[in-house]
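A.B. asks: Here you go, sequence then predicted model.
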Amino acid sequence: MKKIKLPTKFNNNHLTFFAIAVVLFWIKTYVAYQLEFKLGIDNNLQKFLLMINPLSSALFFFGISLLFKKHTKLVLIITDFILSFLLYANIAYYRFFNDFITIPVIMQTRTNAGQLGDSATSLMSGFDIFYFADTIVLIILALTLFKKVTVTNRKSFKIVLLFAITVFLFNLGLAEKDRPQLLSRSFDRNYLVKYLGAYNFTIYDIIQNIQSSSQRAFADGSDITDVENYRKANYAKPNPAYFGKAKGMNVIYVSLESFQNFMIDYKMPNGQPVTPFLNSLAHDGNTFYFDNFYHQTGQGKTSDAEFLMENSLYPMSQGAVFINKAQNTYQAAPAILKGYGYNSAVFHGNYKTFWNRNVMYKALGYDQFFDAEYYSMTPENKKNYGMKDKPYFKESMPMLESLKQPFYTKFITLSNHFPFEMDPQDTTFPAGDFGDTVVNQYFQSANYMDQALEQFFNDLKADGLYDKSVIVLYGDHYGLSENHNDAMAKVLGVDKITPALNAKLQEVPLFIHVPGVKGGVQHQYGGEVDVRPTLLHLMGIDTKDYMEFGSDLLSKDHRDWVAFRNGDYVSSQTIQVSDKCYNTVTGELMPNVNACKDISGKVKTELQMSDEVVYKDLLRFYKPQGYKAINPNDYEYLGPKGKKVTKTP
């Protein structure tokens, strides 16, 4: 077979090799945009921007290789591999979270990576080698047809750099025309990637994080004034009918991992209910069940839900407060209740460093942390994220009973976690049949958790704690992302999942059981940020002096909307998704383009106010009346083999 040869001057032209690299990378990235990401392309301009936005990144980053005369090919190939790896990391991350990787997420990975193996593997496929195919092709070309390529001068770098900047400014100008104030209204990362591209978004993210780090250093006590005024203007007074009804009672929170509200009362095709125990709580009349309650988490998922529930502040728009802002001052529920004689503890069948909890819980004022070191972490008791729910609750009971009352406690379940695969010996419940393995397994996993919860409630009743405790069960975040919407349409019996219906699928259950208090199904709209004021008012503690953004769910002044972390919202009348306004009842686009404007403005203001508190660490400048500040250094979690040290503040 005759060997293929290019003409000598073509063969030795470094710009030819460079152009091939740019084109291959450009095509690959555009294919990834089309196949992997759901960016909401609405018009021809957005289609054009999506097509051209990888070009400026490729020209800029690959252009750096032209500065290296003798090692141009090597530097270019390494650059291509790094950018390809970044693209693929975003693809794998997006397949589950419907979001893009940020610098804080990378910091989270340093903390949590060792326990994410099974979930990460389940997101990969054999086709994924395509996302590194251009790197392989470049290596082959560098060793064969372009073996002698060198750069004789750096003039080409200047030309390429100028071209890259021109393309980027052209891209940004068109993006600003279609989406004004794109870079200043950055609640939703989908917009930034759609208009500027995944690589330019990474540069933007780095700049944003540098700015965020500097915000705390330049903040002072005057910055809290606007937040305080906003808080006072939006305070919802407690309902006299419920205020103080739980005074002096124990508090038991249970986080229901990845549990969505559509599962309540859902029946399999054979008529078998998936969650019979939770169904009974929803309808027993002695428990408050909120059926229009939403998670409001960002990239911190379960940790964000904890942060919302205990601080009534919104999580960060990028990354997780537990990782990035654990050094801040907080006035969390465990710390508040210390002033009322409460002890506090967390029970979690995973190790204390996961989500940086061993640091963050000190800032929240938790006295004790019973992590995996306190449990029998045998192979039959574990799933990939820690301990299975049934042995976890069973082994937690003696530790719970040992606590001095009144106590404030939190239990974090783990079994109902993506990809929801169950060990055969743990379930006889049938899997779904909806053409999606993850969705099919979700029903088995949720049923197992339901059984574990019933067991836990029976144990609480047996030792007398049930009648002395407020019990709060809440879904922490969604379990099934938009990537499973085809199967979810079959689950729900609809033709397709519309944007409005997808927003409704962010509903998670909230149950609040107060001994001696009649409950029932509650239809008011609310979110995780609303739970702390609701609980504290039930306990007879007025939250008017605390910097919180929640609204008491039982208050007659409770608002009618729920903010999502990306700036969208849901309410009883309208739903906003990606700046489009839908009718909540019909799911149809609203003919009045301004129908969502009023609530949308309130949502953006609220998120900005909360961000002021979190990013600038403003609570260090504020002390509520009667609150005794805690010192995180007073707490230490040494495990069962070491003596727990809790200094008296």
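C.D. replies: Received the coordinates, thanks. Not measured: the values here are computed from a predicted model.

A.B. asks: mind giving me the domain ranges of this structure?
C.D. replies: Segmentation of the chain into domains, based on automatic domain parsing, reads 8-216, 238-554.

A.B. asks: mean confidence score for the shortest one?
C.D. replies: Regarding domain 8-216, the rounded mean pLDDT is 82.

A.B. asks: Can you give the distance from stretch 619-628 to the centre of its chain?
C.D. replies: Relative to its chain's centre, stretch 619-628 lies at 29 Å (Cα atoms, centre = their mean, to the nearest Å).

A.B. asks: picking up where we left off before, mean neighbour count, the domains of the chain: which tops it?
C.D. replies: Mean neighbour count (mean count of other Cβ atoms under 10 Å) peaks for domain 238-554 among the domains of the chain, with a mean of 20. In short, each C-beta sits where N, CA and C put it, glycine included.

A.B. asks: That domain: end-to-end distance?
C.D. replies: Distance between the two ends of domain 238-554: 7 Å, counting by Cα to Cα, to the nearest Å.

A.B. asks: Check stretch 406-416 too.
C.D. replies: End-to-end distance for stretch 406-416, by Cα to Cα: 30 Å.

A.B. asks: That one: how far from the chain's middle?
C.D. replies: 19 Å.

A.B. asks: and what of stretch 308-318?
C.D. replies: How far stretch 308-318 lies from its chain's middle: 11 Å, per Cα atoms, centre = their mean.

A.B. asks: Likewise for stretch 621-629?
C.D. replies: Put simply, stretch 621-629 sits 30 Å off its chain's centre (Cα atoms, centre = their mean).

A.B. asks: name the helices or strands packed onto the helix or strand containing residue 94?
C.D. replies: Secondary structure from DSSP states H and E places residue 94 in helix 72-97. When contacts are defined as 3 or more Cβ pairs under 8 Å, 6 or more residues apart in numbering; DSSP states H and E, helix 72-97 sits against helix 14-36, helix 44-63, helix 133-143, helix 198-218.

A.B. asks: all helices of the stretch 351-500 of the chain, in order?
C.D. replies: Assigned by DSSP state H, counting those that start in this stretch, the helices in the stretch 351-500 of the chain fall at 357-364, 389-401, 437-462, 485-492, 499-504.

A.B. asks: now those helices in JSON lines, with mean pLDDT?
C.D. replies: Below are the helices of the stretch 351-500 of the chain laid out as JSON lines (pLDDT from 0 to 100):
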{"stretch": "helix 357-364", "mean pLDDT": "92"}
{"stretch": "helix 389-401", "mean pLDDT": "97"}
{"stretch": "helix 437-462", "mean pLDDT": "97"}
{"stretch": "helix 485-492", "mean pLDDT": "96"}
{"stretch": "helix 499-504", "mean pLDDT": "96"}
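
A.B. asks: With distance to residue 382 added, can I get these in JSON lines?
C.D. replies: Putting the helices of the stretch 351-500 of the chain into JSON lines (distance: least, Cβ to Cβ, whole Å) gives the following:
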{"stretch": "helix 357-364", "distance to residue 382": "18"}
{"stretch": "helix 389-401", "distance to residue 382": "9"}
{"stretch": "helix 437-462", "distance to residue 382": "14"}
{"stretch": "helix 485-492", "distance to residue 382": "28"}
{"stretch": "helix 499-504", "distance to residue 382": "33"}
